[in-house]
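Colleague: any chance you can model this:
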Amino acid sequence: QVQLVESGGGLVQAGGSLRLSCAASRLTFSRYGMGWFRQAPGKERDFVAGYSWTGGSTYYADSVKDRFTISRDNAKNMVYLQMNNLKPDDTAVYYCAARAGGSGIRDKDAYAYWGQGTQVTVSS
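Modeller: All right, here's what the predicted structure looks like:
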């Protein structure tokens, strides 16, 4: 059973930073495109950041570009999301996800595996 486990969420003031981590197990990590999504109360689960299937390219939602950075360590089966200059609108549950195909980086339906999520709350 593939398992993705997120950590690193918490409460932070606006302008602060957090680093989310996602530990993947029971999958050939280097063969999966990894992504981060978030879901605020009453809203859809939205794409935040992701890697191409080869891991050579990164993609970001416009709302987080230049503030968030996705990175991965294939040797450790880890993916990270560094979040800087956080805003109250960034408050959400953040999910790590893995997809086997090359397409659909921004499409949550393209991802087969999901973590349980970690809460990020940004106070004003």
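
Colleague: now the most centrally placed residue in the chain: how far from residue 7?
Modeller: For the chain, the residue nearest the mean C-alpha position is residue 36 (2.0 Å; C-alpha atoms, centre = their mean). Between residue 36 and residue 7 the distance is 13 Å, computed by C-beta to C-beta, to the nearest Å. For the C-beta atoms, the positions are set from N, CA and C on the backbone; glycine is no exception.

Colleague: contacting residues for residue 95?
Modeller: 6, 36-39, 45, 114-117 (C-beta atoms under 8 Å, 6 or more residues apart in numbering).

Colleague: A strand includes it, no?
Modeller: Yes. Counting by DSSP: H, G, I helix; E, B strand; the rest coil, residue 95 is found in a strand.

Colleague: just the strands in this protein please.
Modeller: 3-7, 10-13, 18-25, 33-39, 45-51, 58-60, 68-73, 78-83, 92-99, 113-114, 118-123 (DSSP state E).

Colleague: now those as a markdown table including mean pLDDT and distance to residue 105?
Modeller: Shown next, in a markdown table, are the strands of the chain (pLDDT from 0 to 100; distance: least, C-beta to C-beta, whole Å):
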| stretch | mean pLDDT | distance to residue 105 |
| --- | --- | --- |
| strand 3-7 | 97 | 17 |
| strand 10-13 | 98 | 27 |
| strand 18-25 | 96 | 16 |
| strand 33-39 | 96 | 6 |
| strand 45-51 | 96 | 5 |
| strand 58-60 | 96 | 5 |
| strand 68-73 | 95 | 11 |
| strand 78-83 | 97 | 13 |
| strand 92-99 | 96 | 8 |
| strand 113-114 | 96 | 15 |
| strand 118-123 | 98 | 21 |
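
Colleague: okay, now the nearest residue in space to residue 22 that is not next to it in sequence: neighbour count?
Modeller: Using C-beta to C-beta, 6 or more residues apart in numbering and skipping the chain neighbours, the partner closest in space to residue 22 is residue 96 (3.4 Å). Using other C-beta atoms under 10 Å as the criterion, residue 96 is surrounded by 28 other residues.
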